[in-house]
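[1] can't give you the sequence, but here's the structure:
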């Protein structure tokens, strides 16, 4: 099976719990997230979210990923939907690690299936830039959020 991973990461001057609180607060995504303009659902393994992916300059799309991992303060992972088994599937991964006095956010997307080699360049171009925008916005939000928000 063929696969492509789009990998991004960013250091954030905030504790992992603070980074998680921003990432897990789906209702506030419209306030800060330039890539995922809205997300609803319950962060529970096996449940589905409704996510509106709409980075600047795109028409946007709404999809219903299935949550594969919900490990508070550590990992959030979902499988993109609709997938095409064996042909084209994806997993969106957020890992939060301790990094000195702050955190490191590893934000990846794994694409796999028989059609992935045909779309390799397009995948990287369409995902990497929006991921960097989201990472920077999450960093700013986590570093500047007030405790009472």
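    Received, thanks. Since we're looking at a predicted model, the values are computed, not measured.
[2] for the helix ranked longest in the chain, which helices and strands make contact with it?
    Longest helix in the chain by number of residues, with DSSP state H as the criterion: helix 116-144. Under the contact definition 3 or more Cβ pairs under 8 Å, 6 or more residues apart in numbering; DSSP states H and E, helix 116-144 sits against strand 3-12, helix 16-24, helix 29-32, strand 102-112. Every C-beta, even on glycine, is put in place using the N, C-alpha and C of the backbone.
[3] can you give me the buried ones in the second one?
    Within helix 16-24, the residues that qualify as buried are 16, 18-23, counting by 16 or more other Cβ atoms under 10 Å.
[4] JSON lines for these, including pLDDT and distance to residue 90?
    Formatted as JSON lines, the buried residues of helix 16-24 follow (pLDDT from 0 to 100; distance: Cβ to Cβ, whole Å):
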{"residue": "16", "pLDDT": "97", "distance to residue 90": "25"}
{"residue": "18", "pLDDT": "97", "distance to residue 90": "28"}
{"residue": "19", "pLDDT": "97", "distance to residue 90": "23"}
{"residue": "20", "pLDDT": "98", "distance to residue 90": "22"}
{"residue": "21", "pLDDT": "97", "distance to residue 90": "26"}
{"residue": "22", "pLDDT": "97", "distance to residue 90": "23"}
{"residue": "23", "pLDDT": "97", "distance to residue 90": "18"}
